[in-house]
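Any chance you could fold what I've pasted below:
(2 chains)
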Amino acid sequence: DAGITQSPRHKVTETGTPVTLRCHQTENHRYMYWYRQDPGHGLRLIHYSYGVKDTDKGEVSDGYSVSRSKTEDFLLTLESATSSQTSVYFCAISALGEGEADTQYFGPGTRLTVL
Amino acid sequence: GIQVEQSPPDLILQEGANSTLRCNFSDSVNNLQWFHQNPWGQLINLFYIPSGTKQNGRLSATTVATERYSLLYISSSQTTDSGVYFCAVELDRGSTLGRLYFGRGTQLTVWP
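Coordinates of the predicted model:
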């Protein structure tokens, strides 16, 4: 299994509060991704990173920000959580550009509930 | 974006049966992956298959990129095959950044 952990695994918060989710990898891969999974939508890309301090938006980036100050950590922040951000959040990593196929490996997910 | 359609949305099988899952996509892609999400929510990569055919045990996959579809075959189904199967693609726009677009998945239930 790829060495990816996410924290916290579960969180309940209230509308308007800031929330930060952490993704940590031990594989030293350059590319990291945040997705959200909602019923009827599959997974949708929120933000991704292609190196330390290099990030870009995905399909559903409104209301989210990210930071990557170290290769191993990719943080997702909800500045002011809303009920529409209740979801399961997955982090993924990829060995893209390292001479391997672009296969993404996923973390265990974080279930976030915004009341 | 790109449209990724998976069929059927739901599939119920008896253990030992074979099945074919389909993924259609609306644009040229340079990356296609199949994932299995088990009943505990974990996403497992099954195949990286932008074109051609691959096999891994009872599972095999074929992608015909020119016709914009991919098929996942499961033979001799087992109860542990239950879960949701996702197809995900990346648009072919010259550069590869791993930005995947997912289909809505096929929910597979295998009964003993």
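
all contacts plus neighbour counts: C-alpha atoms, from now on.
Will do.

ok, now which ones touch residue 20?
Since you didn't name a chain, this refers to chain A. For A:Thr20, the contacting residues are A:Leu75, A:Leu76, A:Thr77, A:Leu78, by CA atoms under 8 Å, 6 or more residues apart in numbering or on different chains.

hm, I was asking about chain B
Applying CA under 8 Å, 6+ apart to B:Thr20 gives the contacts B:Leu71, B:Leu72, B:Tyr73, B:Ile74.

Any idea how many residues pack against the last one?
Burial of B:Ile74 is recorded as 19 neighbouring residues (other CA atoms under 10 Å in any protein chain shown).

So which residues on chain A come close to chain B?
A:40-45, A:48, A:50, A:58, A:94, A:96, A:101-109 (CA under 8 Å from any CA of the partner chain).

Can you say which of the residues you listed are buried?
A:42-45, A:48, A:50, A:58, A:94, A:96, A:102-109 (16 or more other CA atoms under 10 Å in any protein chain shown).

Among the residues you listed, which ones are in strands?
Counting by DSSP state E, those place A:Gly42, A:Leu43, A:Arg44, A:Leu45, A:Tyr48, A:Tyr50, A:Ser94, A:Gln104, A:Tyr105, A:Phe106 in strands.

tell me the pLDDT at the residue in chain B that chain A sits nearest to?
Chain A sits closest to B:Arg104 of chain B, with a gap of 4.3 Å, by CA to the nearest CA. Per-residue confidence at B:Arg104 stands at 96 (pLDDT).

Kindly report the same for the one 3 residues further on.
pLDDT recorded at B:Gln107 is 97.

Over to B:Leu91?
Reading off the model, B:Leu91 has pLDDT 88.

Kindly report the same for A:Ala101.
At A:Ala101, pLDDT is 66.

same question, A:Ser67
Listed pLDDT for A:Ser67 reads 97.
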